[in-house]
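Novice: Quick one: sequence plus predicted model below, questions after.
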Amino acid sequence: MALHIYNSLSRQKEEFIPLHEKIASVYVCGPTVYGHAHLGHAKSYVSFDVAVKWLRHLGYSVTYIQNITDVGHLTDDADEGEDKIARQARLEKTDPMEIAQYYTRSYYDDMDRLGVDRPNIAPTATGHIPEQIALIEKLIEKGHAYEVNGNVYFSVSSFPDYGKLSGRTDQEAQHSGVRVESRSEKHHPADFALWKKADAGHIMKWNSPWSTGFPGWHTECSAMAMKYLGETIDIHGGGMENKFPHHECEIAQSEAATDKPYVRYWMHNNMVTVNGTKMGKSLKNSVNLKDLFTTVPPIVIRFFILQSHYRSSLDFSETAIRASRTGLEKLQETWHALLAATPGSEKLDTAAFEKRFADAMNDDFNTPIAISVLFDLAKAVNTALNSGQGLSEASLNSCRKIFAAYGCDILGILDAADTGKSGDKTAGKEVLGNVVSILLDLRKQARENRDFALSDLIRDRLADSGVTVKDTRDGTEWSISQNT
RNA sequence: GGCGAAGUGGCCGAGUGGCUAGGCAGAGGUCUGCAAAACCUUCUACAGCGGUUCGAAUCCGCUCUUCGCCUCCA
């Protein structure tokens, strides 16, 4: 089965055929850096991380662009209100640049811990003002934009396709919820700002042909996507809430400027909810990742996210996280057992598992199904290892390969450091291993003497220290507990 | 009001016509000095009402409910 992607524009799954063979250009709307990342960011960027990893696995050369919005994103409706970064700078009594850089670092810290690969290019809006001005000039030239009092607006009525992504084609419907005063200088209420003149005292501002000001929020993505990926890009991703107006406006200004299709496949991921309600900063129910990481390992969060489809909403709760954690530990147990196993005689045909996994991923990145395939394989592995026969060397190797490639590399839900092939045992770890060995030898002697009080004491004290001891058919195993 | 998504067993969460999703939790069993883990067996489903069909969770209609977007938001 070839890769199929659900295209928000056509509202159906389509076979993925990139503009240029074996090359995939991907642009995903990045964060506005005025606060720490929350669980919603995690869902979005983990989802696209897996998509990109799968594309690369399929042999595509992927250029993945994810912007950093550090100017132009206003607190109120698209054309009024204060800049988010500037507002936060005022609240924290510092410079907007410091706010942007501080929260950008914070964002990458969190994504690193979640195992999200960095994009190839992470352009900032402030770093691409000339490109945005050039785009606006072109739109004015072609009659798609007009200037009033140093502000430039896109003329929605000049672009008949406006509304094709969000389904909002009825002009009346578009504005029914927009609270713009009737005295607005815009020609039509639905017109959106491309360039805004800065008020006195505004810190982030640049010179332009129209005024000293700053670009509108929608302009940056079009300008940067087209600069690095060309006028038509293969995949554009983002959160569903950005479909309108943000992506609708991107299409309008890009296609009006180039007369070419802007995006071949639109991908939108769904929201994280808390108790069934959307998570949002303004609702004061957002789950900050740094806080969450203090009690839940990042890899569990990643697993939790991938257990649902990216187009489904995901409801966050303590019990749901706990269930994920237990489930993931089960998978990791098998992974560890697989690495520690010695060759035996039983054969396990892994081809079917590989095919099922690939089919699931090719079906619009269906990670829940892909994970269930790993669980099924884990069950087969456990059964074989438990039987006493063990797995043949060839089977063992193909199982390890699947877990390493799919569990570690693509889904990122199994710790690659556990493969043992890295051989990066630190001195401290070796010492610990030796000490634990001594204690386990003592415990073994105690058990042989049927001194179970002593053997249990050793096990309990080790458990208190974060070392879990298990007696298996093949002897005693130990591991460092999770979350230490 | 307009646009869109969705209602699955105790919980999470897949599944677009017939064949066990998966995970967590529960029950029984195997193994074990006891734990833990693992394995085996097993119990709870498709919001409601109609319709299409040999057959529907899956298609159609209606009703009810929830959520998102239409203001900033991954």
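Specialist: Yep, that arrived.
Novice: Report the contact partners of the nearest residue to A:K227 once chain neighbours are set aside.
Specialist: Leaving aside its chain neighbours, A:K227 sits nearest to A:E131 (5.3 Å; criterion: C-beta to C-beta, 6 or more residues apart in numbering). Backbone N, C-alpha and C define where each C-beta goes, glycine included. A:E131 makes contacts with A:223-224, A:227, as judged by C-beta atoms under 8 Å, 6 or more residues apart in numbering.
Novice: How is chain A partitioned into domains?
Specialist: With domains defined by automatic domain parsing, chain A comprises A:19-283, A:327-419, A:427-480.
Novice: near RNA strand B, anything from the second one?
Specialist: Yes - taking C-beta under 7 Å from any atom of the strand as the criterion, domain A:327-419 and RNA strand B are in contact, through A:327, A:330, A:333-334, A:366, A:368-369, A:371-372, A:375-376, A:378-379, A:382-383, A:386.
Novice: Columns mean pLDDT on top of the domains of chain A, output as a markdown table?
Specialist: Shown next, in a markdown table, are the domains of chain A (pLDDT from 0 to 100):
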| stretch | mean pLDDT |
| --- | --- |
| domain A:19-283 | 88 |
| domain A:327-419 | 89 |
| domain A:427-480 | 83 |
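Novice: Need the residues that contact stretch A:319-338.
Specialist: A:296-297, A:299-301, A:303-304, A:307, A:374-375, A:378, A:381-382, A:385, A:396, A:399-400, A:403, A:407, A:413-415, A:418, A:479, A:482.
Novice: Quick check, A:F244 in contact with A:A190.
Specialist: No - taking contacts as C-beta atoms under 8 Å, A:F244 lies outside contact range of A:A190: 10.9 Å.
Novice: Compare these two and say which is more crowded by neighbours.
Specialist: A:A190 (22 against 15; other C-beta atoms under 10 Å).
Novice: so that one makes contact with A:V156?
Specialist: Yes - counting by C-beta under 8 Å, A:A190 does reach A:V156; the two are 4.5 Å apart.
Novice: okay, and the common contacts of those two?
Specialist: Counting by C-beta under 8 Å, 6+ apart, the contacts common to A:A190 and A:V156 are A:Y162.
Novice: tell me the two of the residues of domain A:327-419 next to RNA strand B that are most distant?
Specialist: Taking every pair in the residues of domain A:327-419 next to RNA strand B and measuring C-beta to C-beta, the maximum separation is 29.7 Å, between A:N366 and A:N386.
Novice: so what's A:N362 up against?
Specialist: Going by C-beta under 8 Å, 6+ apart, A:N362 touches A:1-4.
Novice: just these now: which is nearest RNA strand B?
Specialist: When the contacts of A:N362 are ranked by distance to RNA strand B (C-beta to the nearest atom of the strand), A:H4 comes first, at 10.2 Å.
Novice: The closest one bridge partners, please.
Specialist: Listed by DSSP bridges, the beta-bridge partners for A:H4 are A:E15, A:D363.
Novice: what's near enough to touch it?
Specialist: So A:H4 contacts A:13-16, A:362-364 (C-beta under 8 Å, 6+ apart).
Novice: can you check A:P96 too?
Specialist: A:P96 sits next to A:70-71, A:83, A:85-86, A:88-89, A:203-204 when contact means C-beta under 8 Å, 6+ apart.
Novice: swap in A:D456?
Specialist: With C-beta under 8 Å, 6+ apart, A:D456 has no contacts at all.
Novice: let's see 10 Å
Specialist: Contact partners of A:D456, counting by C-beta atoms under 10 Å, 6 or more residues apart in numbering, are A:443, A:446-447.
Novice: go on, A:A378?
Specialist: By C-beta under 10 Å, 6+ apart, the residues touching A:A378 are A:330-335, A:337-338, A:399, A:403, A:407.
Novice: Inside helices: which ones of those residues?
Specialist: The helices, defined by DSSP state H, take in A:330-335, A:337-338, A:399 from those.
Novice: quick revisit: quick check: which element contains the residue nearest to A:K227?
Specialist: Using DSSP states H and E, the element containing A:E131 is helix A:129-141.
Novice: hang on, the earlier thing: of A:N366 and A:N386, who's got more company?
Specialist: A:N366 (17 against 12).
Novice: In this structure that one contacts A:L411, no?
Specialist: No - under the criterion of C-beta atoms under 10 Å, A:N366 makes no contact with A:L411, lying 11.8 Å away.
Novice: list residues touching both of those two?
Specialist: Shared contacts of A:N366 and A:L411, defined by C-beta under 10 Å, 6+ apart, comprise A:F357.
Novice: Looking at the contacts of A:E131, which one is closest to A:P209?
Specialist: Closest to A:P209, out of all of the contacts of A:E131 and judged by C-beta to C-beta, is A:A223, at 15.5 Å.
Novice: Phi first, then psi, for that closest one.
Specialist: Main-chain dihedrals, A:A223, degrees, to the nearest 10: phi -60, psi -40.
Novice: What's the local residue count around it?
Specialist: Look at A:A223: counted by other C-beta under 10 Å, it has 27 neighbours.
Novice: what does A:D199 give?
Specialist: A:D199, neighbours per other C-beta under 10 Å, totals 9.
Novice: quick one, what contacts it?
Specialist: Counting by C-beta under 10 Å, 6+ apart, A:D199 has contacts A:82, A:205, A:213.
Novice: which one of those residues has the most neighbours?
Specialist: Ranking those using other C-beta under 10 Å puts A:G213 first, with 22 neighbours.
Novice: Could you pull up the contacting residues of that residue?
Specialist: A:72, A:150-152, A:193, A:195-199, A:202, A:204-207.
Novice: if I look at A:F293, how far off is RNA strand B?
Specialist: Going from A:F293 to RNA strand B by C-beta to the nearest atom of the strand, to the nearest Å gives 17 Å.
Novice: any idea which of the contacts of A:N362 is least confident?
Specialist: The lowest pLDDT within the contacts of A:N362 belongs to A:M1, with 80.
Novice: ok, now which ones touch the residue positioned nearest the centre of chain A?
Specialist: Centroid check for chain A by C-alpha atoms, centre = their mean gives A:Y45 as the closest residue, at 1.4 Å. A:Y45 makes contact with A:28, A:30-31, A:37, A:66, A:107, A:110-111, A:114, A:116-117, A:119, A:237, A:269, A:305, according to C-beta under 10 Å, 6+ apart.
Novice: which stretch of helix or strand covers it?
Specialist: Assigned by DSSP H and E, A:Y45 belongs to helix A:39-57.
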